[in-house]
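Asker: Model the structure of this input:
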Amino acid sequence: MKRTPAIDDLVLFVQVAQAGGLAGAARDSGISTPTLSRKMQTLEQDLGRHLFLRGPRGYGLTAEGRALLADLADLIPLKTRLSQLLQQDQTPEVRITAGSWTAAFLARRIPVRDTWAPAFVEATARLDIARRGADIGIRNQRPDQPWLAARRTRQISYRLYARSYDVEGYVALSRDAAQPPSARWLRDHHGDDIRATAGSVRLLADLALAGAGRVVLPCFAAADLPDLHPVSDPITDLGHEEWLVSHHEARHDPPVRAALDQIATILTKTGT
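Answerer: Numbering: from 1, shown residues only. Predicted structure coming up:
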């Protein structure tokens, strides 16, 4: 016999579906993976539907699961708004997804405000702005989805940097790390002269500061590392525009609007 599931369990279903598995949903929800597993099994029993394809790579969705996820598209944004209404004395969070260097750059420059509080999320998560997994995204190209609004902020340039021109070899992201275009370019052009690797771009900069090799950096990031000096011309293959992206309706929420304006001011002032 079908039973009406609890709203909180439906929210957990959306989190599991968007995370592609229990581990990511556990981090987002703070609920243990065994408890999530039991709740998802109970939800399937309550609805009388087979929602998940369970496998070693995570939780995929069946056709019924995909249909339910589409029906619940507005559930998490609604829960977020209700939580904000219940916590009006708290500064509302605005979730920002950006690359590591851009996030660090903004974190050093965003002044404290009582109208909104920044909550940075790793860009590698590629959270869905349309479903309000994030409020603002900073991207390297203009989005083509009609439900997203975008404004161009600046042109981003990249160079090779090192402690001095005498430094030889290169430092690169390890192969098991996410490979942005700059990492792929370095391996394509200097893959036979890599002296050290690291799992994050911040560690690459630290290796370069120690003299371990040359590193590819966006010029705006290198400006915060005065001990590193450019040792190449701008790398034309890597230059790109930067875009500030938000949901076309959510951008009118006062905290999101304030954040968009403030971030745009910071980014457009600093150039490349």
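Asker: Run through this protein and note the low-pLDDT ranges.
Answerer: In the predicted model, the chain carries pLDDT under 70 at residues 1, 83-89, 122-133, 271-272.
Asker: what ranges do the strands span in the chain?
Answerer: 52-55, 58-61, 93-98, 117-122, 136-139, 148-156, 158-162, 170-173, 194-198, 215-218, 229-230, 240-247 (DSSP state E).
Asker: quick one: contacts of the last one?
Answerer: By that I understand strand 240-247. 102, 129-130, 132, 135-143, 147-156, 256, 260, 263-264, 267 (Cβ atoms under 8 Å, 6 or more residues apart in numbering). Where you see a C-beta, it was placed from the backbone N, CA and C, and this is true even at glycine.
Asker: try 7 Å
Answerer: By Cβ atoms under 7 Å, 6 or more residues apart in numbering, the surrounding residues in contact with strand 240-247 are 129-130, 132, 135-143, 147-156, 256, 260, 263-264, 267.
Asker: do the third one as well
Answerer: The contact list for strand 93-98 (Cβ under 7 Å, 6+ apart) reads 106, 116-121, 123, 125, 127, 134-138, 255-256, 259.
Asker: Note down every partner strand of it and its orientation.
Answerer: Applying DSSP bridges, strand 93-98 is found paired with strand 117-122 (parallel), strand 136-139 (parallel).
Asker: My read is that Ala208 contacts Ser164, right?
Answerer: No - using Cβ atoms under 7 Å, Ala208 makes no contact with Ser164, being 10.8 Å away.
Asker: and this protein, what are its domains?
Answerer: Per automatic domain parsing, the domain ranges recorded for the chain read 7-72, 76-156+240-270, 158-230.
Asker: re the thing from before, winner for burial among the strands paired with strand 93-98?
Answerer: Ranked by mean neighbour count under mean count of other Cβ atoms under 10 Å, the strands paired with strand 93-98 are led by strand 136-139, which reaches a mean of 22.
Asker: Go through stretch 99-111 and flag the buried ones.
Answerer: By neighbour count with 16 or more other Cβ atoms under 10 Å, stretch 99-111 contains the buried residues Gly99, Ser100, Trp101, Thr102, Ala103, Ala104, Phe105, Leu106, Ile110.
Asker: mind putting the strands of the chain in CSV, distance to Gln15 included?
Answerer: As requested, the strands of the chain are exported to CSV (distance: least, Cβ to Cβ, whole Å):
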stretch, distance to Gln15
strand 52-55, 13
strand 58-61, 11
strand 93-98, 14
strand 117-122, 14
strand 136-139, 19
strand 148-156, 22
strand 158-162, 36
strand 170-173, 29
strand 194-198, 31
strand 215-218, 32
strand 229-230, 44
strand 240-247, 19
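Asker: Nearest to Glu44 among those strands would be which one?
Answerer: strand 52-55 (7.4 Å; Cβ to Cβ).
Asker: Quick check: buried residues in that closest one?
Answerer: Of the residues in strand 52-55, those buried (16+ other Cβ under 10 Å) are Phe52.
Asker: Using CSV, list the CA coordinates for it.
Answerer: Taking Å, rounded to 0.1, in the frame of the first residue of the first chain, the C-alpha atoms of strand 52-55 are listed here in CSV:
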residue,chain,number,x,y,z
PHE,A,52,17.5,4.0,-8.1
LEU,A,53,19.9,1.9,-10.1
ARG,A,54,22.4,0.9,-7.4
GLY,A,55,25.9,0.1,-8.5
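Asker: That strand: partners in the sheet, and parallel or antiparallel?
Answerer: strand 58-61 (antiparallel).
Asker: mind giving me TSV with the strands paired with strand 93-98 and columns for distance to Pro180?
Answerer: Compiled in TSV, the strands paired with strand 93-98 are given as follows (distance: least, Cβ to Cβ, whole Å):
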stretch	distance to Pro180
strand 117-122	12
strand 136-139	12
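Asker: Keep only those of the buried residues of stretch 99-111 that are in helices.
Answerer: Ser100, Trp101, Thr102, Ala103, Ala104, Phe105, Leu106 (DSSP state H).
Asker: The second one against Ala221, yeah?
Answerer: Yes - using Cβ under 7 Å, Trp101 and Ala221 qualify as a contacting pair, with a distance of 4.0 Å.
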